[in-house]
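> Build me a model from this:
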Amino acid sequence: MKSFSDRLYNAEKLSRRVGVRGPLPPNREVVGETLRVAAPAIVETLSIAVIGMIDTYMVSNLGDYAISAVGLTMNPRWILLSPFLALSIAVSALVARRRGEGRMDQAGKILQQAFMIALALSAVVSAAGLLLADPAMRLMGSQPDSHADAVRYFRVVMAGVVFNAVTMVINAAQRGLGDTRIAMRTNLLANLVNVVFNFLLIEGRLGFPRLEVRGAAVATVIGMAAGCALAFRSVTRRDGALRLFQGLRLRPDGPILRSLLRLSLPTLGEQMVTRAGFMMYFMIIARLGTIANSAHHIGMNFISISFSLGDGLAAASIALVGRRLGEKRPDLAVIYSAVCQRFGLCCSFLIALIYIPFGRQLFSLFSKTPEVRAYGAELMRVIAVVVFIQITMVIFISCLRAAGDVRYVAVMNFICIGVIRWIAAYFLCYPMDLGLVGAWLGLLADQTLRLFLSWRRYRKGKWVEIKI
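Numbers count the residues shown, from 1 in each chain. Next comes the predicted model:
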């Protein structure tokens, strides 16, 4: 009888696409290593999504205006965090490749250079967030009942950007080494601290002041600081695989900076354009009013569950695929990427089994408003379909990024998110008069096209020959 690993994939068949370059490890070994790397990453990203849902639930006790206020800040916040996300993707891919090449000294230097860039950028980004909070919330379509709270929340969380930046860079380097446990621990700590201080500060418990929406922002920053401290400790220990201060050079290292820029600039351009697309998309929804905006934000929390699973497997893909490409084993890179895909499909199926029969009840936990609950019944049907598309697409894209094929990903996301998503959403939402559901069908159209384009690029196989 075939074992689970034998049923999951066929190594010889997969490796024929690029040609077998050496001995193939046993199926059980490949599956075991994938699980070892992917499991902590999945726990990490899933915990972030679950804590985000708990965060929304706690804020929802204040009313739909509070959910709307927090939701308004998400897109502007991620636009300003785009440089750090782009830098982190580059760090993870480069560290994984250098590990595969056996050049661990270079992996440490990559972290040092990225760390200094993150510190410098965080000061600029924080200042921009504080100055632009009010006009940004107006641009997002804030309503009179949510504007002031949205501005307060945004200013507080942007003041703590440095904690975000440092944690993202360190965790990216650790993931590149294949150690996803450290990132899991830092994010678990950050999220648990966030929940505790949400409990204390939103409604003022145990002698703490009642800060309402601002309290949720303060709790977020305290949580980020706790996670940052743990991440920082992981690269300052004497027994750590990466040591931040070992041979530290404060001056720029030209070759490393060029490698970081070559990978991060296309991703940064992609992130800025796609975040602008997300913002346009959200502005279309925000103008439907506070009720629709609240329902949308709740729905995005459920989407984040599937995205978190895909993101965890994507982190594993970057580490496993990047390392094998560094070892000059594109056949193993294809095999490991395929195993991640299989696990992604299993996760999609399990989520759909929950969302399809119990979607309306789950949505109703976050709001007592009948109109919001009515939206939930329709949105959860769309989400159940999106789950399958999203997880598979994210893993394909992560494989391309791990190989250094960042320009193709950037152009694809520019077209799909920066143009197609919000245009389709607007047309279906207003001229077709489908309202919020129409906007979500626009999201579905964007993700379907990205799945097709990333799959097509992946199947061609040219990504395994890219040098970084």
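> Residue 355 is in contact with residue 302, correct?
Yes: counting by C-beta atoms under 8 Å, residue 302 touches residue 355, with 7.0 Å between them. (Each C-beta comes from the backbone N, C-alpha and C, glycine too.)
> where do the contact lists of those two overlap?
Common neighbours of residue 302 and residue 355, using C-beta atoms under 8 Å, 6 or more residues apart in numbering, are 362, 380, 383.
> Of those residues, which is the most crowded?
residue 383 (26 neighbours; other C-beta atoms under 10 Å).
> May I ask you to confirm that that one is in contact with residue 302?
Yes: judged on C-beta under 8 Å, residue 383 makes contact with residue 302 at a distance of 5.4 Å.
> Read off the pLDDT value for residue 250.
At residue 250, the pLDDT value in this model is 66.
> which intervals of the stretch 351-468 of the chain have sub-threshold pLDDT?
For the stretch 351-468 of the chain, residues meeting the criterion pLDDT under 70 lie at 468.
> about what we covered before: what touches both of residue 383 and residue 302?
355, 359.
> and residue 197, how far is that from residue 222?
5 Å (C-beta to C-beta, to the nearest Å).
> no, scratch that, I was asking about residue 330
Residue 330 sits 45 Å away from residue 222, going by C-beta to C-beta.
> So what's the gap between the helix or strand hosting residue 116 and the chain middle?
In this structure, residue 116 sits in helix 104-139 according to DSSP states H and E. What separates the centre of helix 104-139 from the centre of its chain is 17 Å, taken as C-alpha atoms, centre = their mean, to the nearest Å.
> which strands and helices sit next to it?
helix 64-101, helix 147-159, helix 161-177, helix 254-286 (3 or more C-beta pairs under 8 Å, 6 or more residues apart in numbering; DSSP states H and E).
> so it versus helix 64-101, what angle?
160 degrees (axes from the mean of the first three to the mean of the last three C-alpha atoms, to 10 degrees).
> how about helix 104-139: buried residues?
Using 16 or more other C-beta atoms under 10 Å as the test for burial, helix 104-139 gives 106-118, 121-122, 125-126, 128-129, 132-133, 136-137.
> Identify the residues contacting stretch 417-435?
Identification of contacts with stretch 417-435 by C-beta under 8 Å, 6+ apart yields 273-274, 276-278, 280-281, 284-285, 288, 292, 436, 438-443, 445-446, 449-450.
> mind redoing it with 10 Å?
Where contact means C-beta atoms under 10 Å, 6 or more residues apart in numbering, the residues beyond stretch 417-435 that reach it are 270-285, 287-288, 292, 375, 378, 411, 413-416, 436-447, 449-450.
> Contact partners for the closest residue to residue 59 other than its chain neighbours?
Spatial nearest neighbour of residue 59, excluding adjacent residues (C-beta to C-beta, 6 or more residues apart in numbering): residue 66 at 4.7 Å. Residue 66 sits next to 56, 58-60, 145-146, 149-150, 153, 202, 212-213, 216, 294 when contact means C-beta under 10 Å, 6+ apart.
> Quick one: the residues you listed as a markdown table, columns for secondary structure and neighbour count too.
Below are the contacts of residue 66 laid out as a markdown table (DSSP: H, G, I helix; E, B strand; the rest coil; neighbours: other C-beta atoms under 10 Å):
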| residue | secondary structure | neighbour count |
| --- | --- | --- |
| 56 | helix | 23 |
| 58 | helix | 20 |
| 59 | helix | 26 |
| 60 | helix | 21 |
| 145 | coil | 14 |
| 146 | coil | 28 |
| 149 | helix | 25 |
| 150 | helix | 27 |
| 153 | helix | 28 |
| 202 | coil | 24 |
| 212 | helix | 21 |
| 213 | helix | 23 |
| 216 | helix | 27 |
| 294 | helix | 28 |
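> by contact count, what packs against the helix or strand containing residue 414?
Here residue 414, judged by DSSP H and E, is contained in helix 406-415. Applying 3 or more C-beta pairs under 10 Å, 6 or more residues apart in numbering; DSSP states H and E, one finds that helix 406-415 contacts helix 64-101, helix 254-286, helix 370-403, helix 435-460.
> Residues contacting that helix, please?
Taking C-beta under 10 Å, 6+ apart as the rule, helix 406-415 contacts 86, 89-90, 93, 262-274, 276-277, 396-398, 400-401, 418, 420-421, 446, 449-450, 452-454, 456-457, 462-463, 466, 468.
> Tell me what angle it forms with helix 370-403.
Using the same axes, to 10 degrees, helix 406-415 lies at 160 degrees relative to helix 370-403.
> Could you number the chain from 13 rather than 1 from now on?
OK, 13 is where the count begins now, so the last one is helix 418-427.
> In the helix or strand hosting residue 54, which residues are buried?
Under the criterion of DSSP H and E, residue 54 resides in helix 39-72. Along helix 39-72, these residues count as buried under the neighbour rule (16+ other C-beta under 10 Å): 39, 42-43, 45-46, 49-72.
> likewise stretch 74-90?
Buried, per 16+ other C-beta under 10 Å, within stretch 74-90: 74-89.
> Run the chain-centre distance for it.
Centre-to-centre, stretch 74-90 and its host chain are 18 Å apart (C-alpha atoms, centre = their mean).
> Likewise for stretch 263-283?
With C-alpha atoms, centre = their mean, you get 20 Å for stretch 263-283.
> mind listing what's buried in that stretch?
Buried residues in stretch 263-283, counting neighbours by 16+ other C-beta under 10 Å, are found at 265, 268, 271-272, 275-283.
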